[in-house]
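In: Here's my sequence, what's the structure:
(2 chains)
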Amino acid sequence: MSEKHWKSVVSQSVCDYFFEAQEKAADVENVPPVISTPHHYLISIYRDKLFFVSVIQTEVPPLFVIEFLHRVADTFQDYFGECSEAAIKDNVVIVYELLEEMLDNGFPLATESNILKELIKPPTILRSVVNSITGSSNVGDTLPTGQLSNIPWRRAGVKYTNNEAYFDVVEEIDAIIDKSGSTVFAEIQGVIDACIKLSGMPDLSLSFMNPRLLDDVSFHPCIRFKRWESERVLSFIPPDGNFRLISYRVSSQNLVAIPVYVKHSISFKENSSCGRFDITIGPKQNMGKTIEGITVTVHMPKVVLNMNLTPTQGSYTFDPVTKVLTWDVGKITPQKLPSLKGLVNLQSGAPKPEENPSLNIQFKIQQLAISGLKVNRLDMYGEKYKPFKGVKYVTKAGKFQVRT
Amino acid sequence: MTDSKYFTTTKKGEIFELKAELNSDKKEKKKEAVKKVIASMTVGKDVSALFPDVVNCMQTDNLELKKLVYLYLMNYAKSQPDMAIMAVNTFVKDCEDPNPLIRALAVRTMGCIRVDKITEYLCEPLRKCLKDEDPYVRKTAAVCVAKLHDINAQLVEDQGFLDTLKDLISDSNPMVVANAVAALSEIAESHPSSNLLDLNPQSINKLLTALNECTEWGQIFILDCLANYTPKDDREAQSICERVTPRLSHANSAVVLSAVKVLMKFMEMLSKDLDYYGTLLKKLAPPLVTLLSAEPELQYVALRNINLIVQKRPEVLKHEMKVFFVKYNDPIYVKLEKLDIMIRLASQANIAQVLAELKEYATEVDVDFVRKAVRAIGRCAIKVEQSAERCVSTLLDLIQTKVNYVVQEAIVVIKDIFRKYPNKYESVIATLCENLDSLDEPEARAAMIWIVGEYAERIDNADELLESFLEGFHDESTQVQLQLLTAIVKLFLKKPTETQELVQQVLSLATQDSDNPDLRDRGYIYWRLLSTDPVAAKEVVLAEKPLISEETDLIEPTLLDELICYIGTLASVYHKPPSAFVEGGRGVVHKSLPPRTASSESTESPETAPAGAPPGEQLDAVPTQGDLLGDLLNLDLGPPVSGPPLAASAVQMGAVDLLGGGLDSLMGDEPEGIGAPSFVAPPAAAVPANLGAPMGSGLSDLFDLTSGVGTLSGSYVAPKARLRSGFGHTEASLSRAAPAVGHPEAGTPGRPGRVLLLIPRLTWSSPGGPGRCGPSESPLQVWLPAMKAKGLEISGTFTRQAGTISMDLQLTNKALQVMTDFAIQFNRNSFGLAPAAPLQVHAPLSPTQTVEISLPLSTAGSVMKTEPLNSLQVAVKNNIDVFYFSTLYPLHILFVEDGKMDRQMFLATWKDIPNENEAQFQIRDCPLNAEAVSSRLQSSNIFTVARRNVEGQDMLYQSLKLTNGIWVLAELRIQPGNPSFTLSLKCRAPEVSQHVYQAYETILKN
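Out: Residues are numbered from 1 along each chain as shown, chains lettered A, B, ... in the order given. Here you go, the predicted structure:
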């Protein structure tokens, strides 16, 4: 546990309330995000097996706090490559310096990684060696240039020998499929992540073949909203490096294709300690692309002791403690559909389970944005060089659940 | 080489070692030592002893070392104030440093050192920094003002920092603006009275410009600040909305929600006919839905807010039902919230989908969630009538699963469905009865027993079933015991022949072997009732019950409006106003939605409520559905306004009196569960208070009324209805009570003495004569003086009794001749009042003689709007001449008996009537408390639909109907100890409001 106080010092004992709530929740993920104690409120997030808890005394927007905590975790991730207890311990001084730069008196200061990195240099092996020889420090001593400009997300004087701009269009399908195979709910959560390594102050505009798909979009602050409203073109001066340009949601049912189907038959016999398990996966609307990286996870009922299954393809594991069945399927070849079948051993004497397990499916389709979104062109203004440009598409399963 | 090594030195003498290292000459060693100190500090070790040594390291060119020392200082300066002074010089020097980063760092750190002595030295550097050429320093200094204000508010004001801060709102740099706004908001929060954020169109414009350019966090501060502004008209509101709307597309969810708050609030000012209004509504949905794809913690907060938004404006998300469908790996707190919203959005259009989902959820693993899902099915049935049948069959399917908690939950909700749709689904009773043995939760048992009792005539073995429960009577919870008692009495009344033994058994168990006063009282009352007059008992116990309505867990409109102003804050997560839970004695400013028109002052009254109301009270304000339905269930009989047959009421008077004396002593220790309103003021002022109390509590016990918000109104309906009809028949009631006294063996185990004592009291208490009660007893007014009418003097008053309006006239002959041939006629008037019978003066009126006549009036006459609305022109004729006079009638004579609106209707109507129609009045100097007010108003047919306690204030929601069918809705706010009440009236015909208000005044002050 590590603590930092901004306004007034709060006794560590306030955390007891949190631990209490944590014990009460069966699962760490079920700890309520807002907990009230007699004098404070605890707002927490759970990320990478760590809880980030903030203690607040006055009425503040909880989303503000939650967003900020996520930003802190993002920053740690960015600086240390992972956001773990070990990483935080190993870099405790930097963590402290970062927190100090990120928040003042409860007001966030700098949360853009570009700016932070100018203030506090991320640790690298090379730098720590250099530092220990020269005695210099990892704290920048000039004011970050972006901090106050109208484009706080970009620092001045960026220079690259190879100027590149890459965009990844990543779409995740969230869906609930009912027993009979019909779609209860489906939507696409899409993002366009950018990796921009361009010198100077490039001004980009990105246009789409079919921008009308995008009616529910969240933008990175760099995007000029007015241009989008009037011309449906994303016009922006990009931050340097990796960032999320937009995220969007396509919910209209006819636009959401469901690329896989699952045939399943899971049954438990009354008054007997076994059951049958049989699932088969097949391609549906996959636009002619290969579906790969398929994994099926099933939370089996508590009374299941063990499972004896045979996969026609891939491998499976069953964890008798957590009762999670994981089937790593791989690719679907339409000629021979992958299936997994066999027996389920139940605790003897226990009543037949009431609940039906849901199947959680993961998959990936390269070179396809399932919504049909396509980038038309990328133009650059303001700089003279010619950048390398590239767009990659990928579709994945998000929260893709099949009820049985 | 990592920092984790700093955590490992835990051996003794560590402090000593560190001290040596800190004082080392080598820079590198010093730095390492400071790092170790910081590491110890983060894990909570006390390294304050090193204070002077660390402070010595402060004067350095190395920025990292400087920062670390500053960190240390912030932590320990408070405990070592004297030492901290040593650091002051360095700070002051740093504030002059050419590097803006160091200047900013210094001013920031100084602000964090909460030592009074240091703050004095801080002022000068701060003043400079606020005017620094570098915006980075200015924005840091702005925050520092807020810090300093927290330490020493007076100092900040004296030094004029607040004005400087206000100037910064016009700064050229958006970040500085945002920080200035943030600082001012924080200061304003602790001083609600100060007018720091005095927003005007110019400053709003500046904020909106800065909004586009500052960081996401700055946007949140600015949006929150905007939300407190009240635009002067709808055009300004619209233009602000237009400029805020782009924020809905921000990636930061807190920005989105703050923008939603501003829009929801300002939308209130826009006319619904405006195209823009519709556009805005459409724009709100996508960002809200997008929030649901974020991390679960964000989802949770978003869902709590969406819950408010769909209550206020259901149209926003009515097409988005599917996004609220639960995924099996959602955290439980997200699942429960989603379920709630699903029910709120359920409508005939989507009910099939919703039901299919709910059924799915009912087979999930998590018990709490499954229970809530089953309950939700019941709520759907009650909410969407067309779906009821499907819901019932779904519930039956679930009962077939035999999963214990599912079955129990299903039975509880089926009971509610029976209440809502009587005589429709009773065919399922057989299935329910099969599961009798598996019920082990009190609520489910009580529900089942209620069903058996209610439908005893259709269940062949009802007696056996109930008998089986009776065996373990003493081990049951009170809820079950009470229910069992009632059910068996019902059974007895339905099948008297074979169940006599059973009923005697239960009555004796309840009255003799129980310590529970509620149970005992209820037992006695039934016993007395049954032994006195079984026919009356039947009418009382088996009376028809009012239907229940679905929206039991809606937040009341005023609270909802207030919460809408707090979207995105903790208040919105807890669904309580901040005053209910924010710490400390800070007064909290109530926020209210802007009124739709500028003319109405109704919502424009921010007031400072006493802060620190215990949170428990607030919880009561929003009862959970479970509680309320439970309460409704207990309302075994609450006949609405129309009085029951006189015989029954008379007997009740007797019965209650017999027990009244005994109840006096029990009043204090009633258990909370059945805490009926312990004092119900009698409607007739003449009834002594001490009699009133037992009557009230006795009756409400008798009627199983508990103090649930929803049924409270019922509890004074009941006693009142009886009393009014009862007074006229005091004789009858006494004579009926008497035989009971004479036959103690018939039932009541001995309290004859008290009974006898009470009878005379009752006799005194009946007012002057049968009939007139309460406020209608207004004094006679001289309408037509004798000199104007050739010796005929007419005085009179208007009354309303038992649904009849009458004009009580007193005609006096002050002339010297006999008067005959009287006739009366009314001019056309607003409500069509007309004499229902001719004016009959039987004998000629001789000189100096006076005659009193009660002239019944009807409202079937021709209608013409008069000015004022309630004026009436009358012509009276006699043998001498025709005389004209004009008078004003009090509006409350037009309040009809069936003016009680159903709760749900009330909510809907209240929302439906546009805000322009709301009028607010003050009723001053009325010393009554809420109960008394309510019962007094009730006697004039102003009915309390619901009552809530919000922050210690009683809110009465009342309805009344005029003879011409106009409904008037009222909200009466009563603060204990404050004789001024606030009355808000809403009516589709707003011109009556003023007169209704006068009627209130008359009724309450008479």
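In: Just want the residue of the stretch 901-1006 of chain B that's nearest chain A.
Out: Using CB to the nearest CB, B:Glu951 is the residue of the stretch 901-1006 of chain B that sits closest to chain A, at 15.6 Å. Heads up, the C-betas are built off the backbone N, CA and C, glycines and all.
In: So what does that residue look like in phi/psi?
Out: Backbone geometry at B:Glu951, expressed as degrees, to the nearest 10, gives phi 50, psi 50.
In: Quick one: the strands in the stretch 101-250 of chain A, in order.
Out: Counting by DSSP state E, counting those that start in this stretch, the stretch 101-250 of chain A has strands at residues A:103-104, A:107-108, A:164-177, A:183-197, A:203-208, A:217-219, A:233-236, A:241-250.
In: residues of the fourth one that come out buried?
Out: In this case it means strand A:183-197. If you call a residue buried by 16 or more other CB atoms under 10 Å in any protein chain shown, then strand A:183-197 has these buried ones: A:184-194, A:196-197.
In: Switch those residues over to CSV; also include distance to B:Ile459 and pLDDT.
Out: Output for the buried residues of strand A:183-197, formatted as CSV (distance: CB to CB, whole Å; pLDDT from 0 to 100):
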residue, distance to B:Ile459, pLDDT
A:Val184, 39, 85
A:Phe185, 42, 86
A:Ala186, 47, 88
A:Glu187, 49, 88
A:Ile188, 54, 90
A:Gln189, 54, 90
A:Gly190, 59, 91
A:Val191, 61, 92
A:Ile192, 66, 93
A:Asp193, 66, 92
A:Ala194, 71, 92
A:Ile196, 76, 90
A:Lys197, 80, 90
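In: Can you sort out which of those also neighbour chain B?
Out: Taking CB under 8 Å from any CB of the partner chain as the test, chain B is in contact with A:184-185, A:187, A:189 out of the buried residues of strand A:183-197.
In: what does the stretch 101-250 of chain B have sitting close to chain A?
Out: So the stretch 101-250 of chain B meets chain A at B:101, B:108, B:111-112, B:114, B:134-136, B:139-140, B:143-144, B:146-147, B:150, B:173-175, B:179, B:182, B:186, B:189, B:213, B:215-217, B:220-221, B:224, B:246, B:249-250 (CB under 8 Å from any CB).
In: Contacts only, for A:Lys392.
Out: A:Lys392 makes contacts with A:166-169, A:367, as judged by CB atoms under 8 Å, 6 or more residues apart in numbering or on different chains.
In: Need the max-distance pair from these.
Out: A:Tyr166 and A:Gln367 (14.6 Å; CB to CB).
In: which one of those two has more residues nearby?
Out: A:Tyr166 (16 against 11; other CB atoms under 10 Å in any protein chain shown).
In: start to end distance for stretch B:545-558?
Out: Using CA to CA, to the nearest Å, the end-to-end distance of stretch B:545-558 comes out at 29 Å.
In: what is the mean pLDDT for that stretch?
Out: Mean pLDDT, stretch B:545-558: 70.
In: and if you look at stretch A:90-107?
Out: 81.
In: Is there proximity between it and chain B?
Out: Yes. With CB under 8 Å from any CB as the criterion, chain B is reached by stretch A:90-107 at A:90-94, A:96-97, A:100, A:104-107.
In: and what of stretch A:210-217?
Out: Yes. Residues of stretch A:210-217 contacting chain B under CB under 8 Å from any CB: A:215-217.
In: Mark which of these are buried, thanks.
Out: A:216-217.
In: possible to save the residues of stretch A:210-217 next to chain B as JSON lines with pLDDT?
Out: JSON lines is the format used below for the residues of stretch A:210-217 next to chain B (pLDDT from 0 to 100):
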{"residue": "A:Asp215", "pLDDT": "78"}
{"residue": "A:Asp216", "pLDDT": "83"}
{"residue": "A:Val217", "pLDDT": "87"}
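In: Pull up the gap between the residue lying farthest from the centre of chain B and B:Val69, please.
Out: Note on chain B: the largest C-alpha distance from the chain mean falls to B:Asp25, namely 68.7 Å (CA atoms, centre = their mean). Remark: distance between B:Asp25 and B:Val69 (CB to CB, to the nearest Å) = 17 Å.
In: Please apply the same query to A:Asp178.
Out: As judged by CB to CB, A:Asp178 and B:Val69 stand 63 Å apart.
In: quick one: which of these two has more around it?
Out: Taking neighbours as other CB under 10 Å, A:Asp178 and B:Val69 compare with B:Val69 leading, 25 against 16.
In: My reading is that that one lies in a helix. Confirm?
Out: Yes. The assignment for B:Val69 (DSSP: H, G, I helix; E, B strand; the rest coil) places it in a helix.
In: Quick one: residues contacting it.
Out: Contacts of B:Val69 (CB under 8 Å, 6+ apart): B:34, B:54-55, B:57-58, B:60.
In: Quick check: closest non-adjacent residue to it.
Out: Sequence neighbours aside, B:Met58 is the residue nearest to B:Val69 in space, at 4.7 Å (criterion: CB to CB, 6 or more residues apart in numbering or on different chains).
In: That neighbour and A:Val93, how far apart?
Out: Counting by CB to CB, the separation of B:Met58 from A:Val93 is 17 Å.
In: Can you pick out the residue with more neighbours from those two?
Out: A:Val93 (24 against 19).
In: For the more buried one, what is the enclosing helix or strand?
Out: helix A:92-102 (DSSP states H and E).
In: Go ahead and report the secondary structure state at the residue lying farthest from the centre of chain A.
Out: The C-alpha centroid of chain A is most remote from A:Asn271, which lies 43.5 Å away (CA atoms, centre = their mean). At A:Asn271, secondary structure determined by three-state DSSP is coil.
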